[in-house]
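A.B. asks: Kindly generate the corresponding structure for this input.
(chains A and B)
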Amino acid sequence: MTATDAPPQAAAGAPKKQPSTAKSDPQKHGRLALLLLTPTFLVLALVIGYPLIAAIRESLYQKAEGVDESGFVLEGERFVGIDNYSAIFTGESAERFWNAFFNTTFFTVTTLILEIVIGVTMALVMHHALRGKGLVRASILVPWAIPTAVSAIMWQFIFTADGVANEVLNSQILWTTEGFQAKIAVIIADVWKTAPFVGLLVLAGLQIIPNDVYEAARVDGASAWKQFWRITLPLVKPALLVAILFRGLDALRMFDLPFVMIGQRKQSVETLSMLAQEEASQLRIGPAAAYAVVLFVYVSLIAYAFVKLLGADVIGEARARAKETKQRKAKAVTA
Amino acid sequence: MSDIKAPGGRRWLFNIGIAVIVLYCLVPFYWMVVSAFRRTSDIGDNSPLPSPFSLDNFEAVFSPAVGFWRSLGNSLVVAGTTTIVTLIVGTFAAYTIARLDFRFKNIAAGIIIATSMFPGVSLIVPLLKLFTDIGWINTYQSMILPSLSFALPLAVWTLATFFRQMPKELEEAAMVDGLTRGQAFRKVILPLAAPGMFTTAIITFIAAWNEFIIALSMVNQKEMKTATVAISQFTGAYGYDSPFGTKMAAGVIVTVPLVVVVLIFQRRIIAGLTAGGVK
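C.D. replies: Numbering: from 1, shown residues only, chains lettered A, B, ... in the order given. Now for the predicted structure:
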């Protein structure tokens, strides 16, 4: 899903360089690579591959309950085909599922937009600032380092009825109770934690834009606004897209924040992860697995669409290459 | 170079911007710290400094009834083991992806990065059933194994970035001098990569320390709960409804060591976080 379409050999075999003896023998490298990659892929197969297949299997079964026609008590599990899935989409739990699906999507879209706007602004400020760089770099890592569960409790406390949020806003909103305000509270808490991180990634992208590009633009009389739209944004796009992709996929599996801050079984903030986790903790494995598979498919589709449509280049090496060519192009244009 | 970009008039605007960012990041955290140092009865107080200053909440956190030491120990065991296993396994993969030429290299890198996008709950459902069947519920391994699913891709990716930054000539020179690739790796690359590995260890440890959904699902015994889960389920040593004072103090205890480590190694951590482009 994330492989780039560059030919695999071209990625590392720098043609200009004198190939050393080891390099001219790809077979040797191939075998060594296989050997060195095996432990990692074994672990990944065990902790991701196996559970994924098991989840798909479990989603087609249900715990047997009751008695069969001849009066025997049923034990173990029985094959139910797509019953678990049809129950999700059309059955009694459909309403709860679609609500969770909407919440998940709503949180993802809103937090992403806010994170991008705030993150890019932060990055621009940090990039241009003369003083306080050390301080800002240190403070921007604080939200990142705080465990989400702790930040959830922290914001729950800030948002209590007689808490500091209501005092500052001079309002009397019951933030952490059911309702739209609970969504807002979750979004604020999430954006607080993640926007600085996006800012950090975008800043790294900004720092590799050569300064002479801007100088040339200024000589040509481009306004600051125009410079931002025509130079900064296109050049920082690869770094930004990767940040958006990873943040977006992270938001799609949101769990800790609404779970700790607002609580379980709260309609206004329940996400797909919370739904699946609750079913699993009740050991209703069949339906839980179906939710888990649906979430996995949803995440995969979004990731695939993102990589295909927007060309988010998640493999760093290829990204670096793309940047180089872009920079060269930009230089050529402005030269 | 950036002073050319910001003409005098706009310079102070950027300085204000910096102040806003710092406040944005630190004020909520400051509020947690301040509230932790209030008396338990003053927790609704909204003054910017605790008056009177009190350590009641910290005493409450460490009272034997809460058992928070045990939770911290559990977190340390789970996050520590996850980090060590991840580094041992992941270093080879990271080196391979960063330094060796082979077919399917992009596919291998793609698979590793794709696994880091995997929603945690999709693992938990089948693993919960498996661990229930084999009696692993309430064990460390039931938390450590699933944690590898996000820690390993993260570590491989961050490490590969550090390996890539080292000049290729290093090991080529070592191999010309008669060392095998394995020896070159052990004697030349590994010592030079030590700072990068250390940074990766910090980033991985923080990710594992902050983990919540796995620890929540795999453990229901109080003695085995990790710190993040324990805090979220505090019912209070004094039997209050919502013991926010205790929770804030516990939050400070769980967070401050991380924040200190992060501040000490901030340059390296930022390099590790951004160059990989991965969380």
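A.B. asks: Any chance you could list what contacts stretch A:154-164?
C.D. replies: A:146, A:165-166, A:172, A:174-176, A:185, A:188-189, A:192, A:260-261, B:28-29, B:31-32, B:35, B:44, B:46, B:242, B:244, B:247-248, B:251 (C-beta atoms under 8 Å, 6 or more residues apart in numbering or on different chains). C-beta coordinates here come from the backbone N, C-alpha and C atoms, glycine included.
A.B. asks: Give me the PyMOL select line for those residues, limited to the buried ones.
C.D. replies: Selecting only the buried entries of the contacts of stretch A:154-164 in PyMOL, with 16 or more other C-beta atoms under 10 Å in any protein chain shown as the criterion:
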select buried, (chain A and resi 146+165+166+175+176+185+188+189+192+260+261) or (chain B and resi 28+29+31+32+35+244+247+248+251)
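A.B. asks: among the contacts of stretch A:154-164, which are in helices?
C.D. replies: A:165-166, A:185, A:188-189, A:192, A:260-261, B:28-29, B:31-32, B:35, B:244, B:247-248, B:251 (DSSP state H).
A.B. asks: Count residues in the vicinity of residue 250, would you?
C.D. replies: Just going to use chain A. By other C-beta atoms under 10 Å in any protein chain shown, 20 other residues sit near residue A:250.
A.B. asks: my bad, chain B
C.D. replies: Neighbours around residue B:250, by other C-beta under 10 Å: 29.
A.B. asks: Touching, it and residue B:233? I think so.
C.D. replies: No: the criterion here is C-beta atoms under 8 Å, and residue B:250 misses it with residue B:233 at 10.9 Å.
A.B. asks: Assign residue B:103 to helix, strand or coil.
C.D. replies: coil (DSSP: H, G, I helix; E, B strand; the rest coil).
A.B. asks: How about the contacts made by the residue nearest in space to the middle of chain B?
C.D. replies: Geometric centre of chain B, nearest residue: residue B:206, 1.3 Å, by C-alpha atoms, centre = their mean. The contact partners of residue B:206, taken as C-beta under 8 Å, 6+ apart, are A:145, B:258, B:262.
A.B. asks: so the last one is in which element?
C.D. replies: Mapping residue B:262 onto the secondary structure by DSSP states H and E places it in helix B:244-264.
A.B. asks: Which neighbouring elements make contact with the helix or strand that that helix is followed by?
C.D. replies: For helix B:244-264, the following helix or strand on the C-terminal side (DSSP H and E) is helix B:266-276. Other elements packing on helix B:266-276 under the criterion 3 or more C-beta pairs under 8 Å, 6 or more residues apart in numbering or on different chains; DSSP states H and E are helix A:133-145, helix A:180-207, helix B:141-165, helix B:190-209.
A.B. asks: 10 Å instead?
C.D. replies: helix A:133-145, helix A:180-207, helix A:233-252, helix A:316-334, helix B:141-165, helix B:190-209, helix B:244-264 (3 or more C-beta pairs under 10 Å, 6 or more residues apart in numbering or on different chains; DSSP states H and E).
A.B. asks: ok so, going back, gap between the helix holding residue B:262 and the chain center?
C.D. replies: 13 Å (C-alpha atoms, centre = their mean, to the nearest Å).
A.B. asks: Could you measure from residue B:53 over to residue B:258?
C.D. replies: Applying C-beta to C-beta, to the nearest Å, the value for residue B:53 to residue B:258 is 24 Å.
A.B. asks: okay, these two: which has more neighbours?
C.D. replies: Higher neighbour count among residue B:53 and residue B:258: residue B:258, with 21 against 10, using other C-beta under 10 Å.
A.B. asks: Which residue comes closest to the more buried one once chain neighbours are left out?
C.D. replies: residue A:145 (4.6 Å; C-beta to C-beta, 6 or more residues apart in numbering or on different chains).
A.B. asks: ok, how many other residues are close to the residue lying closest to residue A:248 once chain neighbours are set aside?
C.D. replies: Excluding its sequence neighbours, the residue lying closest to residue A:248 (C-beta to C-beta, 6+ apart) is residue A:112, at 5.5 Å. A count of nearby residues for residue A:112, using other C-beta under 10 Å, gives 21.
A.B. asks: contacting residues for residue A:112?
C.D. replies: Contact partners of residue A:112, counting by C-beta atoms under 10 Å, 6 or more residues apart in numbering or on different chains, are A:119, A:191, A:194, A:198, A:243, A:244, A:245, A:247, A:248, A:250, A:251.
A.B. asks: Also residue A:269?
C.D. replies: Per C-beta under 10 Å, 6+ apart, neighbours of residue A:269: A:100, A:103, A:106-107, A:176, A:178-179, A:182-183, A:185-187, A:254, A:257-259, A:261-263.
A.B. asks: what's the angle between the longest helix that chain A contains and helix A:233-252?
C.D. replies: Using DSSP H to define each element, chain A has its longest helix at helix A:94-128. Computed with axes from the mean of the first three to the mean of the last three C-alpha atoms, to 10 degrees, the direction of helix A:94-128 lies at 140 degrees from that of helix A:233-252.
A.B. asks: what's the offset of helix A:94-128 from the middle of its chain?
C.D. replies: 10 Å.
A.B. asks: Tell me the buried residues in that helix?
C.D. replies: A:97, A:100-101, A:103-105, A:107-108, A:110-112, A:114-116, A:118-128.
A.B. asks: re the thing from before, could you check the pLDDT of the residue nearest to residue A:248?
C.D. replies: For residue A:112, the pLDDT comes out at 95.
A.B. asks: quick one on the thing from earlier: list, out of the contacts of residue A:269, those positioned next to chain B.
C.D. replies: A:254, A:257, A:259, A:261 (C-beta under 10 Å from any C-beta of the partner chain).
A.B. asks: Of the residues you listed, which is the nearest to chain B?
C.D. replies: Nearest to chain B among those is residue A:259, at 7.9 Å by C-beta to the nearest C-beta.
A.B. asks: List the residues that contact the residue nearest to the closest one when sequence neighbours are not counted.
C.D. replies: Spatially, and ignoring its direct neighbours in sequence, residue A:259 is nearest to residue A:274 (5.7 Å; C-beta to C-beta, 6+ apart). Residue A:274 makes contact with A:100, A:103-104, A:254-256, A:258-259, A:262-266, A:291, B:121, B:213, according to C-beta under 10 Å, 6+ apart.
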